[in-house]
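Enquirer: Attaching a predicted model along with its sequence, questions to come.
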Amino acid sequence: MSVEKDVVYHSVNGRDLKVDLYKPEGGSVPTKTAVVLIHGGGWILGEKGMMTPLASQFAAQGFLAVAVEYRLVREAAWPAQLEDVTTAVRWVADNATDLGIDADRIVVAGASAGGHLALMAAAELNKESKVAAVLSLFSASELTVSEVPEKGKFNAAMLLGSDASDDVVKAASPYYQVSEGFPPTFVLHGTKDWLIDPVASLRLYEKLNDLGVTAELHMVANAIHEFIEEPGMTGPMVSEIALFLNRVVIDPAKWAAETEEHNLFAKGPEALQALMAQMLEQTQ
C-alpha cells in the first residue's frame with residue numbers, strides 16, 4: 001500500500017481542504033473503485049487521519065481509499081460540512097482517470113457523524129449519478145434538537161443549533177432524504193450501541209427496502225459504537241463490505257449468473273413445486 005497525504009481538493013475562503021489517498025500495493029486499483037471515507041466526531045471534532053485503519057484495509061482489498069477533510073461546525077456552520085463532502089466526491093469523479101478508477105464506481109462511506117454526511121451527500125449527488133453505493137456505519141438517520149430524543153433519533157443540536165426548526169431538522173435527516181433511485185446501501189450497526197441507537201439503522205434499512213433500494217443491513221451482536229475500529233474487527237468488517245460492493249457495483253452480472261446456475265430457488269416457486277412433485281413421483 002502507498003499513501004499520498006494532503007492532496008488539495010478544494011479551497012474555500014483561502015482555506016485548503018485536503019484528502020489522503022490510500023492506494024493498493026503496486027499503485028493500480030484492481031477494482032477500479034474508490035471508497036470516499038468521511039470521519040466521525042459529532043461534526044465538532046475529528047480529522048481525516050482517523051480513517052487510516054479502514055482506509056488501509058480497503059486498499060489491501062483492491063480499492064482506492066480517499067479520506068476526506070471537511071470543515072467542522074466550529075469553523076463553518078451547517079451545511080458547510082455537506083458542501084465539502086459533495087465537493088470531494090465531485091473531485092474524485094473529475095480526476096477518476098488519474099486516480100486509476102472508473103468515474104461510475106465511487107462509493108461514499110462514513111462512520112457515525114461521517115455516516116450521516118455520507119448518506120446526505122449521496123442524496124444530494126444522486127441527481128448527478130456520481131455515487132455507486134453508500135456505506136452507513138452506525139449512523140444517525142433521524143435528527144432532533146430535543147434534549148430527550150425519541151428512540152432511534154439523535155440529538156444534533158451541536159450541528160444545527162438548539163433552536164433549529166422542524167423543517168431544518170428534517171432537511172438534515174437522511175431518513176427523509178432517501179428516495180427511489182437512491183444508491184445501493186450497506187448499513188452496519190452494533191446492537192449495544194448506546195450513543196446512536198441501532199433502531200436508527202433498522203428504520204433506515206426498512207425505508208430503503210420499502211422504496212425498492214438495494215440495501216443490506218448488518219447488526220453485529222454486542223458491538224458498541226465505533227466497533228469497526230477495533231483491530232480484530234476492521235479486517236472482517238471490510239471483507240463483508242467488499243463482498244457487498246463486488247456484488248452490487250464491481251461485477252453484479254457474475255453474481256447474478258452464479259445464483260442462476262447454483263441456487264435452486266432462483267428458478268422461482270413454480271419451478272420448485274414442479275421439481276418437488278417430480279421427486280415425489282419418483283419415490284412412489
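Expert: Great, that's in hand. Numbers count the residues shown, from 1 in each chain.

Enquirer: Tally up the residues packed near residue 269, please.
Expert: 8 (other Cβ atoms under 10 Å). Placement of C-beta: from N, CA and C, glycine included.

Enquirer: Tell me where the chain has strands.
Expert: 2-12, 15-23, 34-38, 64-68, 106-111, 133-137, 142-144, 153-155, 185-190, 215-220 (DSSP state E).

Enquirer: what's the third one in contact with?
Expert: Residues from elsewhere that reach strand 34-38, judged by Cβ atoms under 8 Å, 6 or more residues apart in numbering: 48, 51, 54-55, 58, 63-68, 70, 85, 88-89, 92, 96, 99, 101, 105-111, 114-115, 117-118, 121, 135.

Enquirer: same question, the first one
Expert: Surrounding strand 2-12, the residues in contact under the criterion Cβ under 8 Å, 6+ apart are 16-23, 25, 27, 68, 71, 84, 87-88, 91.

Enquirer: rerun at 7 Å
Expert: 16-23, 27, 87-88, 91 (Cβ atoms under 7 Å, 6 or more residues apart in numbering).

Enquirer: and if you look at stretch 173-185?
Expert: The contact list for stretch 173-185 (Cβ under 7 Å, 6+ apart) reads 116, 119-120, 122-123, 126, 131-134, 136, 141-143, 170, 203-204, 207-208, 211-215, 248.

Enquirer: For it, measure first residue to last.
Expert: 16 Å (Cα to Cα, to the nearest Å).

Enquirer: What segments of the protein are helices?
Expert: For the chain, the helices defined by DSSP state H occupy 52-60, 80-94, 96-99, 113-125, 157-160, 166-171, 174-177, 199-210, 231-245, 252-262, 269-283.

Enquirer: looking at those helices, which is buried most?
Expert: The highest average neighbour count among those, using mean count of other Cβ atoms under 10 Å, belongs to helix 113-125 at a mean of 26.

Enquirer: by contact count, what packs against that one?
Expert: strand 34-38, helix 80-94, strand 106-111, strand 133-137, helix 174-177 (3 or more Cβ pairs under 7 Å, 6 or more residues apart in numbering; DSSP states H and E).

Enquirer: Kindly calculate the angle that it makes with strand 106-111.
Expert: Helix 113-125 runs at 150 degrees relative to strand 106-111, counting by axes from the mean of the first three to the mean of the last three Cα atoms, to 10 degrees.

Enquirer: Quick one: mean pLDDT for helix 113-125?
Expert: Averaged across helix 113-125, pLDDT comes to 97.

Enquirer: Please tell me how far residue 146 sits from residue 156.
Expert: Counting by Cβ to Cβ, to the nearest Å, the separation of residue 146 from residue 156 is 10 Å.

Enquirer: before we move on, what about residue 196?
Expert: 11 Å.

Enquirer: Same check on residue 218?
Expert: 24 Å.

Enquirer: Repeat that for residue 205.
Expert: Using Cβ to Cβ, residue 205 is found at 20 Å from residue 156.

Enquirer: rewinding a little: export the helices of the chain to TSV and tack on distance to residue 31?
Expert: Shown next, in TSV, are the helices of the chain (distance: least, Cβ to Cβ, whole Å):
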stretch	distance to residue 31
helix 52-60	9
helix 80-94	14
helix 96-99	12
helix 113-125	19
helix 157-160	33
helix 166-171	34
helix 174-177	26
helix 199-210	24
helix 231-245	8
helix 252-262	13
helix 269-283	34
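
Enquirer: Nearest to residue 40, out of these?
Expert: Among the helices of the chain, the nearest to residue 40 by Cβ to Cβ is helix 113-125 (4.5 Å).
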